[in-house]
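Participant: Coordinates only, no sequence provided:
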């Protein structure tokens, strides 16, 4: 009984391979989800109810349903309409949608926090509404929302472990598989936890520091 | 999806509520002592609490409940999936509630503590009669938002076999191969559950705002 250090050395490789997958999914999800959140934030603010209401319903459902349920909805549900996605593609689709819906609220409050006078000044200088957003409002809103967006990125990394349920060989699946063949659940899962501690603890302290620094 | 399957889906609801409510209760209870340690005057104690909270929150919930269910469960103490989920999410909720309490404590103006001291109230009475009632009011909406988040995280308990809403959804999907409508309904049910929680939070907040001035 008990794992030896050489066992642990053998486990590092498959776990790292899994963790790289977690990082890849996190990265792609941020790349797709954050712009998606920005678009949703703009749509929810539109005056036309035909645009605003559908956007609000999407955001409420995306935020209200667990990411785990969204994942299984895409992976097990889409084949019903002859759209079979790989577990990797399902993970990207589900987590990006969930991220877009959550971050749209962060971005919306960031946009709302930019003083109204900024937009009025841009208008007075004859900026088009697109230019006023791009050069005046967005840069300031991005600065206001960035600590919350960084904090959310940490949560995305953690939520990629949910892909265990759709048979993606990420770190939790690797750990579970090694655990079920060796019965060394405690050491292998602790090692998995260490991967997250090494990344997320410093990252969360960094976010905390940013938050304090950006406070007036 | 036939009505029979829909009823089977609903049998998962009590488990979803049990994991969410149980974990929230554990967190609300143990979060307070953790807050006191987090604000201790002894540096080592304070830093231990800071690290403990950071570590608990850094490990994904699924890894936590695997760690508790498979390693403790297969070892000396056999543990049921439901208890493992309660311990795991209770632990995570404790760390998060301690942070929510801390935010509320900071929000209560320090002049309140000073005024209580000036009136020669003991530290206990300062906390119990002056700070705590105001803290409750500040942290209720935040705690309700957290409860809704916890409700959704609790779906992860389905991975170790707690027969909750998500578990039943997956089970029915495997039987009927109609994931779109089944998992879609599961998602909608979660949205519908979170709506009244948000409403209760707003009503209680309005009520407490009337009875406790801030």
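Facilitator: Good, I have the coordinates. This structure is a prediction, so every number in the text was calculated from the model and none was measured.

Participant: and the residue positioned nearest the centre of chain A, what does it touch?
Facilitator: Chain A has residue A:156 as the residue nearest its centroid, 3.5 Å off, counting by Cα atoms, centre = their mean. For residue A:156, the contact set (Cβ atoms under 8 Å, 6 or more residues apart in numbering or on different chains) comprises A:26, A:29, A:30, A:33, A:95, A:99. C-beta: built from backbone N, CA, C; applies to glycine.

Participant: same thing with residue A:7?
Facilitator: A:182, A:184, A:187.

Participant: Report the separation between it and chain B.
Facilitator: Distance, residue A:7 to chain B, using Cβ to the nearest Cβ, to the nearest Å: 15 Å.

Participant: Setting aside sequence neighbours, what's the nearest residue to residue A:195?
Facilitator: residue A:19 (5.3 Å; Cβ to Cβ, 6 or more residues apart in numbering or on different chains).

Participant: just checking, next helix/strand downstream of the helix or strand containing that neighbour?
Facilitator: Residue A:19 is part of helix A:5-44 when elements are defined by DSSP states H and E. Next along the chain after helix A:5-44, taking DSSP H and E as the criterion, comes helix A:49-64.

Participant: Kindly spell out which helices and strands sit in contact with that next one.
Facilitator: Other elements packing on helix A:49-64 under the criterion 3 or more Cβ pairs under 8 Å, 6 or more residues apart in numbering or on different chains; DSSP states H and E are helix A:5-44, helix A:87-113, helix B:179-211.

Participant: and the last one, anywhere near chain A?
Facilitator: The reference is to helix B:179-211. Yes. Using Cβ under 8 Å from any Cβ of the partner chain, helix B:179-211 reaches chain A at B:179-184, B:186-188, B:190-191, B:194-195.

Participant: Is residue B:37 in contact with residue B:46, as I believe?
Facilitator: Yes. Using Cβ atoms under 8 Å, residue B:37 is in contact with residue B:46, at 7.3 Å.

Participant: what about stretch B:72-82, start to end distance?
Facilitator: 14 Å (Cα to Cα, to the nearest Å).

Participant: ugh, wrong one, stretch A:172-191
Facilitator: OK, stretch A:172-191 end separation, Cα to Cα: 11 Å.

Participant: buried set for it?
Facilitator: A:172-176, A:178-179, A:184-191 (16 or more other Cβ atoms under 10 Å in any protein chain shown).

Participant: if you average pLDDT over it, what comes out?
Facilitator: Average pLDDT, stretch A:172-191: 91.

Participant: nearest residue to residue A:145 other than its sequence neighbours?
Facilitator: Closest to residue A:145 by Cβ to Cβ, 6+ apart is residue A:110, at 3.3 Å.

Participant: So the one you found is in contact with residue A:138, correct?
Facilitator: No. With contact defined as Cβ under 8 Å, residue A:110 and residue A:138 do not form a contacting pair (9.2 Å).

Participant: pLDDT below threshold where in the chain?
Facilitator: If you meant another chain, say so; for now it's chain A. Residue ranges of chain A with pLDDT under 70: A:1, A:216.

Participant: my bad, chain B
Facilitator: Ranges of chain B meeting pLDDT under 70: B:73-76, B:211-214.

Participant: So for it, the centremost residue is which one?
Facilitator: Residue closest to chain B centre, computed by Cα atoms, centre = their mean, is residue B:24 at 3.5 Å.

Participant: can you pull the contacts of that residue?
Facilitator: Contacts of residue B:24 (Cβ under 8 Å, 6+ apart): B:93, B:147, B:150.

Participant: Leaving out the residues flanking it, which one is nearest to the first one?
Facilitator: Spatial nearest neighbour of residue B:93, chain neighbours left out: residue B:27 (2.6 Å); criterion: Cβ to Cβ, 6+ apart.

Participant: Show the contacting residues for the one you found.
Facilitator: Applying Cβ under 8 Å, 6+ apart, the residues contacting residue B:27 are B:90, B:92, B:93, B:94, B:95, B:96, B:97, B:150.

Participant: Quick check: residue B:147 touching residue B:20?
Facilitator: Yes. Contact between residue B:147 and residue B:20 holds when scored by Cβ under 8 Å: they sit 7.0 Å apart.

Participant: So if I had to pick from those two, which one is more boxed in?
Facilitator: For residue B:147 versus residue B:20, neighbours defined as other Cβ atoms under 10 Å in any protein chain shown are more numerous around residue B:20 (26 against 21).

Participant: Adding neighbour count and distance to chain B, write the contacts of residue A:156 out as TSV.
Facilitator: Listed next are the contacts of residue A:156 as TSV, based on neighbours: other Cβ atoms under 10 Å in any protein chain shown; distance: Cβ to the nearest Cβ, whole Å:
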residue	neighbour count	distance to chain B
A:26	22	12
A:29	26	15
A:30	19	17
A:33	25	17
A:95	26	13
A:99	26	14
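
Participant: For those residues, please prepare CSV with the additional fields distance to residue A:55.
Facilitator: Listed next are the contacts of residue A:156 as CSV, based on distance: Cβ to Cβ, whole Å:
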residue, distance to residue A:55
A:26, 25
A:29, 20
A:30, 21
A:33, 15
A:95, 20
A:99, 16
